[in-house]
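Q: I would like to see how this sequence folds:
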Amino acid sequence: MARIGVISISDGRDYVHGGIVGFIRTVEDRLVAELTAAGHTVVRGREPVGSNRQAVVVARQVRAAGVDLTVLHYAVWAFPHFTMLAAGQLTSPLLLLSNIDPVQPGMVGMLAAGGALDQIGRAHTRLWGDPGDRELIEAIGVQARAAAAVESLRGNTFGRIGGRPMGMNTAVANTDQWQRVFGVDVEEIDQWEIVRRADLADPGEAKGAREWLERNTAGVHYDGLKLTPELLERQIRSYLAMRDLIAEWHLDFSGIKGQPELTQYFATMDIAEAFLNDPYDWNGPKQPHVCATEADMDGALTMQLLKQISGTPVLFADVRHYHADRDIWDLCNSGQHATWFAARSDDPAENLASVHLYPEVFFFPAGGASVHHLAAPGQMTLARLTRKNGDYRMQLMLGDFETYDEATNEELMRQSTREWPHAFARLDAHAGDFLSRFGANHIHAVPGDHRATVRAACELLGVTLDEFSRAG
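A: The predicted structure follows:
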């Protein structure tokens with residue numbers, strides 16, 4: 001969850017402030033209790049603001065606590081210039097919150113303060129209601145989670161391993177624009193570092209990891225040519241090489257070009273990409289590290305934002321095929337899907353029980369294992385940062401992953417590339433509209449409906465929102 005600052009603003013007349021400060025504290029107590037119960041960390045201003053000096057001192061105290069969002073709270077009529085003074089000290093996004101008490105005119109105070117902020121161009125959002133209202137607390141949470149996700153990007157370093165893959169302009173972004181809009185730096189690293197470091201990786205760990213995969217997955221289907229124990233260990237050592245690079249260069253998220261050099265002459269990066277995105281490997285639980293195949297910068301950035309919003313791994317896929325007779329899409333891309341999506345379980349054994357490692361197909365002559373599974377069903381938020389005329393937009397929609405009986409699943413997977421991982425998605429978008437407007441061949445997804453938080457994050461970033469919906 002997020003860190004939320006709460007500052008209650010009061011009346012500047014001493015005799016009025018003294019008579020209402022108890023009421024303000026009571027309402028603030030209820031607000032803080034509800035936000036805390038919702039899982040947030042709340043930093044309270046040390047006292048309700050009833051003077052110029054208090055406005056500055058209390059705001060500085062809350063700012064120093066490193067909050068993601070500051071709630072300026074209006075339980076009563078409040079002098080608007082206190083808000084202006086406090087806002088001048090605050091660097092976090094601002095949310096103005098008023099009560100709906102007919103006796104105490106907090107709403108009047110919020111409107112006066114909000115109008116003053118509008119006059120100087122200080123962005124903010126406004127909400128109103130009783131602290132006991134679950135929808136109000138959730139709405140505050142949406143703003144706070146969005147602010148936390150956006151702030152989490154600033155100061156990140158993206159590691160781009162290799163350059164543009166196979167002429168894909170949509171996978172390459174402007175580093176100046178990334179710094180300006182998202183606060184993200186880019187570290188350029190040659191793919192030779194994977195080859196070099198893979199050769200130096202611990203052979204004992206690679207062997208142990210291979211045996212762990214053989215024991216725990218649904219099957220490792222060696223063919224003696226495209227997939228051998230030696231090739232699988234090479235892929236595992238590539239994963240260890242990436243872990244090495246991530247630690248040494250302090251990479252927050254990354255992308256591997258892969259094609260055509262590594263997939264033609266070394267090995268596919270499917271094992272590395274899948275397990276980097278997973279919340280576990282053969283050593284136990286770990287934090288997922290967003291890694292995009294084909295060094296897709298905008299894909300990785302989308303995934304990093306969605307990971308912060310959802311708290312789960314993020315799916316990366318090609319929009320591979322549209323089954324018009326079923327109105328579903330096959331989202332499929334080499335071995336990129338994290339194995340976690342096979343069952344979305346906290347127990348890796350449940351996920352890996354549905355994962356097969358198959359020999360790679362003819363696209364990748366260097367060989368290695370493709371990480372095959374079918375994504376578990378459930379509601380999903382699907383999104384992608386794309387660019388139009390050089391400006392970023394977030395293309396967003398709701399959908400559902402579906403599965404069917406075994407024969408149907410098999411028949412559908414064989415219509416594209418069976419060996420690769422699949423997700424059958426029913427999108428809240430008309431096929432014609434999607435194919436006419438969607439700005440990339442890659443798409444990303446997380447479980448649940450996170451659209452409200454994505455919308456709020458886009459507003460904070462100044463990124464245009466482009467939503468798809470059948471209703472629209």
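Q: mind checking which helix or strand the residue nearest the centre of the chain is in?
A: For the chain, the residue nearest the mean C-alpha position is Leu306 (1.5 Å; Cα atoms, centre = their mean). Per DSSP states H and E: Leu306 is located in helix 297-310.
Q: Pull the contacting residues for Trp212.
A: Contacts for Trp212 (Cβ atoms under 8 Å, 6 or more residues apart in numbering) come out as Trp282. Bear in mind the C-beta positions are built from the backbone N, C-alpha and C, glycine included.
Q: Distance of it relative to Ala206?
A: Distance from Trp212 to Ala206, counting by Cβ to Cβ, to the nearest Å: 11 Å.
Q: just Leu232 next, same as before
A: Going from Leu232 to Ala206 by Cβ to Cβ gives 9 Å.
Q: Ser98 now?
A: Distance of Ser98 to Ala206, computed by Cβ to Cβ: 60 Å.
Q: can you check Leu136 too?
A: Leu136 is 53 Å from Ala206, by Cβ to Cβ.
Q: Check which residues of the lengthiest helix in the chain are buried.
A: Identified as the longest helix of the chain according to DSSP state H is helix 14-37. Neighbour counts over helix 14-37 (16 or more other Cβ atoms under 10 Å) mark His17, Ile20, Val21, Phe23, Ile24, Val27, Glu28, Leu31, Val32, Glu34, Leu35 as buried.
Q: swap in stretch 430-441?
A: Buried residues in stretch 430-441 (16+ other Cβ under 10 Å): Phe434, Phe438, Ala440, Asn441.
Q: Can you pull out the low-pLDDT segments for this protein?
A: 335, 472 (pLDDT under 70).
Q: change it to 90
A: Along the chain, the parts satisfying pLDDT under 90 run over 1, 101-102, 167, 334-336, 362-363, 472.
Q: can you list the domains in it?
A: Per the record, the chain has its domains at 3-153, 157-467, by automatic domain parsing.
Q: got a list of what Glu467 touches?
A: Contacts of Glu467 by Cβ under 8 Å, 6+ apart are Gln395, Leu396, Met397, Arg451.
Q: What is the nearest of those residues to Thr70?
A: Arg451 (24.1 Å; Cβ to Cβ).
Q: doesn't Ala425 make contact with Asp327?
A: No: using Cβ atoms under 8 Å, Asp327 is not in contact with Ala425; the gap is 10.3 Å.
Q: who's more crowded, those two?
A: Ala425 (22 against 11; other Cβ atoms under 10 Å).
Q: that older thread, neighbour count for Leu136 and Ala206, which is higher?
A: Comparing Leu136 with Ala206 by other Cβ under 10 Å, the one with more neighbours is Ala206, at 23 against 18.
Q: Go through the strand or helix carrying that one and flag the buried ones.
A: If you go by DSSP H and E, Ala206 is part of helix 203-216. By 16+ other Cβ under 10 Å, the buried positions in helix 203-216 come out as Glu205, Ala206, Ala209, Arg210, Leu213, Asn216.
Q: how about the CA coordinates for stretch 227-246, as PDB?
A: The C-alpha trace of stretch 227-246 is given here as PDB (Å, rounded to 0.1, in the frame of the first residue of the first chain):
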ATOM      1  CA  LEU A 227      17.000 -29.100 -26.300                       C
ATOM      2  CA  THR A 228      19.700 -30.900 -24.400                       C
ATOM      3  CA  PRO A 229      20.800 -30.800 -20.800                       C
ATOM      4  CA  GLU A 230      23.800 -28.700 -21.900                       C
ATOM      5  CA  LEU A 231      21.600 -26.200 -23.700                       C
ATOM      6  CA  LEU A 232      19.200 -25.900 -20.800                       C
ATOM      7  CA  GLU A 233      22.100 -25.200 -18.400                       C
ATOM      8  CA  ARG A 234      23.400 -22.600 -20.900                       C
ATOM      9  CA  GLN A 235      20.000 -20.900 -20.600                       C
ATOM     10  CA  ILE A 236      20.100 -21.100 -16.800                       C
ATOM     11  CA  ARG A 237      23.600 -19.600 -16.800                       C
ATOM     12  CA  SER A 238      22.300 -16.800 -18.900                       C
ATOM     13  CA  TYR A 239      19.700 -16.200 -16.200                       C
ATOM     14  CA  LEU A 240      22.500 -16.100 -13.600                       C
ATOM     15  CA  ALA A 241      24.400 -13.700 -15.800                       C
ATOM     16  CA  MET A 242      21.400 -11.400 -15.900                       C
ATOM     17  CA  ARG A 243      21.100 -11.600 -12.100                       C
ATOM     18  CA  ASP A 244      24.800 -10.600 -12.000                       C
ATOM     19  CA  LEU A 245      24.300  -7.600 -14.300                       C
ATOM     20  CA  ILE A 246      21.200  -6.500 -12.400                       C
END
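Q: which parts of it are buried?
A: So for stretch 227-246, counting by 16+ other Cβ under 10 Å, buried means 227-228, 231-246.
Q: can you tell me which of the residues you listed are in helices?
A: Counted as lying in helices by DSSP H, out of the buried residues of stretch 227-246, are 231-246.
Q: Now Arg470. Its backbone dihedrals?
A: The phi/psi pair for Arg470 (degrees, to the nearest 10) reads phi -60, psi -30.
Q: for it, what are its contacts?
A: Listed by Cβ under 8 Å, 6+ apart, the contact set of Arg470 reads Asp428, Ala429, His430.
Q: List the residues that contact the residue nearest to the second one when sequence neighbours are not counted.
A: Once its chain neighbours are removed from consideration, Ala429 has its nearest residue in Phe468; the separation is 3.7 Å (Cβ to Cβ, 6 or more residues apart in numbering). With contact taken as Cβ under 8 Å, 6+ apart, Phe468 is in contact with Gln395, Leu396, Met397, Leu427, Asp428, Ala429, Asp433, Phe434, Arg437, Phe438.
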